[in-house]
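**Student:** structure of the sequence below:
(chains A and B)
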Amino acid sequence: MEGKATLIWTPLTTIMTVLGVFGIALVAYASGKAYAITKKVSKAGLEERYTLEKNYYLLSTVVWVVLVSRIFASGLFWVTNESLIPLIPGAMCQFGVSQAGSPYSWIDTGVKLIVMLAYGIWLILDLLNRRVKGSPLLASLSKIFILLIPLLILDTILDLAFYFTVSPVTVPCCRTVFTETSPVPCPYCFVFHDAPMFLVVIVSYGLAVSLVLWGFVVRYYTVRIKEMEGVGNAAMRRLVTVALMFAVIGTVSLIPAILQVLSGGPFLH
Amino acid sequence: MISRRGLVIIIMVAIGAIASAVVLSYLKGSQSSLQEEAELSVSGVELNRRANTLTGVNVTSSASSTVAINGASLVKIQSGITVASKSFPEHIQVAPSSQIYIPIGFSLDPEGADYFLYLKTDRGTVIKFRLSYP
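**Tutor:** Okay, the predicted model is just below:
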């Protein structure tokens, strides 16, 4: 990589940076509250538990804002990187953009693939907790949020590090790695440029698998907490039904996706 | 309830993953199985860089008989996908030991990519040419 390093500021990188700073600030605020609730809830009497529940509702609202904004950022990440391709000399696809923001970009890409799955667990459980009298998941949700803090910090810090590092330097793109002898194609060129229907397949299958895993987490708590039984069983049924719907969408989309790839030439395919 | 439907979902995702892998290996296989033409080659290309188009190619023949070219395909190496193709209804005849210009008109990725241009001959072979753009 060579060239003069100046940061790239576009509306999308600015939004990503703002979301990162916003996320860090809210995580810092919410982590203290979550820690306090976790520490006090096991020894709390009736009155103190009521106060903790009130505190938890505030925490819950903040965490919803944080997690939803991070899920939004994880989607926007791909759109932002796609928009940076023309601004980085040598970049032909998001591989080149990641090269320009290396090493943060590569770790960030990996993190972005799992955040939806992780954040979704907390969001689903909190939705159920709100429907059951007495907030039976109050302690568990506070603990899960504390467990999510390292991931949230990593997610936001990597975004900030990446977008503060990425600069219009000349980069070697995927053509240096994915040649005619490569067993697999460049995933960015394949999915984002030449076979975009596969994007629908990947997103649908990803959501289907996530919903199934969230269903298992809901079952874990439904079995252990009696008050959760009715709400939990209904939620599991809904989650699996929606998961099945996404799996069907993914499988149905696979047909035009494959046809799109195979319909290229009269004699090659 | 969850386990049976969950299993169906996992089976569907697995089928999708396997089907995608089969398609990818088929794409690779279909290109490597093409027999390359030994007596004809692409000796030059004409590009329109403003319009990001492969306008045409010059084909040089060292064959002792006339060879007809009946189609062209452009494969993007990075994705392995045929991004453009056309057939020539009136086959282009390449006379023995001669050079001919063949109009192509394929769009190229303005961000850049490597391509294989394949020209199919009536001998059942292909003239293969590697093109890097821009």
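**Student:** where does whichever residue of chain B sits closest to chain A land in three-state SS?
**Tutor:** Nearest to chain A, among the residues of chain B, is B:Thr82, at 2.6 Å (C-beta to the nearest C-beta). Yep, even glycine has a C-beta here, placed from its N, CA and C like the rest. For B:Thr82, the assignment made with DSSP: H, G, I helix; E, B strand; the rest coil gives strand.
**Student:** hmm, it is touching B:Val75, no?
**Tutor:** Yes: using C-beta atoms under 8 Å, B:Thr82 is in contact with B:Val75, at 5.1 Å.
**Student:** in which helix or strand would I find the closest residue to chain B within the stretch 1-150 of chain A?
**Tutor:** Proximity of the stretch 1-150 of chain A to chain B (C-beta to the nearest C-beta) peaks at A:Met92, 4.5 Å away. Counting by DSSP states H and E, there is no helix or strand that carries A:Met92.
**Student:** count of neighbours near it?
**Tutor:** 27 (other C-beta atoms under 10 Å in any protein chain shown).
**Student:** could you list every residue that touches it?
**Tutor:** A:85, A:173-175, A:189, B:78, B:109, B:111-113 (C-beta atoms under 8 Å, 6 or more residues apart in numbering or on different chains).
**Student:** could you redo the last one with a cut-off of 7 Å?
**Tutor:** Contact analysis of A:Met92 by C-beta atoms under 7 Å, 6 or more residues apart in numbering or on different chains lists A:173-175, B:109, B:111-113.
**Student:** let's have those residues in a markdown table, adding secondary structure.
**Tutor:** Output for the contacts of A:Met92, formatted as a markdown table (three-state DSSP):
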| residue | secondary structure |
| --- | --- |
| A:Cys173 | coil |
| A:Cys174 | helix |
| A:Arg175 | helix |
| B:Asp109 | coil |
| B:Glu111 | coil |
| B:Gly112 | coil |
| B:Ala113 | strand |
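**Student:** what is the nearest of the residues you listed to A:Tyr56?
**Tutor:** A:Cys174 (47.2 Å; C-beta to C-beta).
**Student:** for the closest one, give its distance to B:Ile104.
**Tutor:** For A:Cys174, the distance to B:Ile104 (C-beta to C-beta, to the nearest Å) stands at 24 Å.
**Student:** between the two, who's got more neighbours?
**Tutor:** With neighbours defined as other C-beta under 10 Å, A:Cys174 and B:Ile104 compare such that A:Cys174 has more, 27 against 18.
**Student:** close enough to count as contact, the more buried one and A:Cys189?
**Tutor:** Yes: the criterion here is C-beta atoms under 7 Å, and A:Cys174 meets it with A:Cys189 at 6.1 Å.
**Student:** what do those two both touch?
**Tutor:** In contact with both A:Cys174 and A:Cys189: A:93, B:78, using C-beta under 7 Å, 6+ apart.
**Student:** returning to what we had before: does the residue of chain B closest to chain A touch B:Gly71 like I think?
**Tutor:** No: under the criterion of C-beta under 7 Å, B:Thr82 is not in contact with B:Gly71, lying 11.3 Å apart.
**Student:** which of these two has more neighbours?
**Tutor:** Each of B:Thr82 and B:Gly71 has its neighbours counted (other C-beta under 10 Å); B:Thr82 has more, 25 against 20.
**Student:** domains in chain A, as residue ranges please.
**Tutor:** Annotated domains of chain A cover A:1-174, A:195-263 [automatic domain parsing].
**Student:** kindly reformat these as TSV containing distance to A:Pro183 and mean pLDDT.
**Tutor:** Below are the domains of chain A laid out as TSV (distance: least, C-beta to C-beta, whole Å; pLDDT from 0 to 100):
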stretch	distance to A:Pro183	mean pLDDT
domain A:1-174	14	89
domain A:195-263	16	91
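**Student:** could you check the pLDDT of A:Leu268?
**Tutor:** On the pLDDT scale, A:Leu268 is placed at 49.
**Student:** please list all residues in contact with B:Met12.
**Tutor:** Neighbouring residues of B:Met12 by C-beta under 7 Å, 6+ apart: A:247, A:251.
**Student:** oops, could you answer that again for B:Val45 instead?
**Tutor:** B:54, B:57, B:131.
**Student:** what parts of chain B come near chain A?
**Tutor:** By C-beta under 7 Å from any C-beta of the partner chain, the residues of chain B that approach chain A are B:1-2, B:5-6, B:8-9, B:12-13, B:16, B:19, B:23-24, B:27, B:30-31, B:71, B:73, B:75-83, B:85, B:87, B:109, B:111-114, B:118, B:120.
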